[in-house]
Each structure stands twice: as structure tokens, then as C-alpha cells.
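J.: I'll drop the sequence and a predicted model, then ask my questions.
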Amino acid sequence: MAMSSVCKGWRFPPLSLPRGPRRLSRDSSAAEVRMVTISVVLTDELKRFVDEEICGEGYASASEYVSDLIRQRRRSKAESLLRQLIAEGWASGPPAPLPPGHFQKLLERASNRK
């Protein structure tokens, strides 16, 4: 059985994500998000580290801490992809002028796809 974490008198549940729909105010424009529970097995050393992070960084729970790590990783991967695409753009050479009406034609093609 998993034990709860204790931080300055607060009790935190074992490392898991809450069940059921929940309103999110950060990083989500959706009004409700379906939450699932996962189970994570950690060594005692890693568990202590997670507990220290929760206490030291002001997270409300291990779930919030893990969710934040996942959001940070997702953001990092998106930033890496953006850097790669920018580098490819720079490496492709100087820009060439587009013919007049180019963007208007693109808009018309996109609206005709409906």
C-alpha cells in the first residue's frame, strides 16, 4: 500500500493523478478535461526528491508536480522544434518575393475546401 507524503503538517496522497472531469485554469482552453489515474513506481531516493520538490516549490500535490513536469517537457519539445524550423529557414537562403495576390489565392483555395 502506498504511503502519503507529509510536508509541514500537510498530508499528500500517493503519486497519482485525480479521477474524473476537472476545470482547468492553466494551459487549457477547454472548460472540462477528463482526468485519469496513473501509478508510478519510484525508488525511495526519488520519492524523497519528489517530496522535497513539492514542499520547496509550492506544489499542492505530487499530481500537480508531475503534471507540471509533463507540461514543461511538452513546451521544451515544441521550442526545440521551432528552433529547428527557424534554423532550416535561415539555411534555405534569402527569401524570394511572392507574386502579387499569392496570399489571396491561398485564402480562396482554403475556403473552397469546406
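T.: Everything's here; your move.
J.: which stretches of the protein form strands?
T.: For the chain, the strands defined by DSSP state E cover 5-7, 10-12, 20-22, 33-35.
J.: least reliable of these going by mean pLDDT?
T.: For the strands of the chain, mean pLDDT drops lowest on strand 20-22, to a mean of 49.
J.: Over to the residue of the chain positioned farthest from its centre: give its phi and psi.
T.: Seen from the C-alpha centroid of the chain, the residue lying at the greatest distance (CA atoms, centre = their mean) is P100, 40.2 Å away. Per-residue torsions, P100: phi -60, psi 140 (degrees, to the nearest 10).
J.: okay, it: pLDDT?
T.: 93.
J.: for R113, same thing?
T.: 84.
J.: same check, this time on S92
T.: Per-residue pLDDT puts S92 at 93.
J.: same thing with I38?
T.: With respect to pLDDT, I38 scores 90.
J.: Burial check on it, number of neighbours?
T.: 9 (other CB atoms under 10 Å). Placement of C-beta: from N, CA and C, glycine included.
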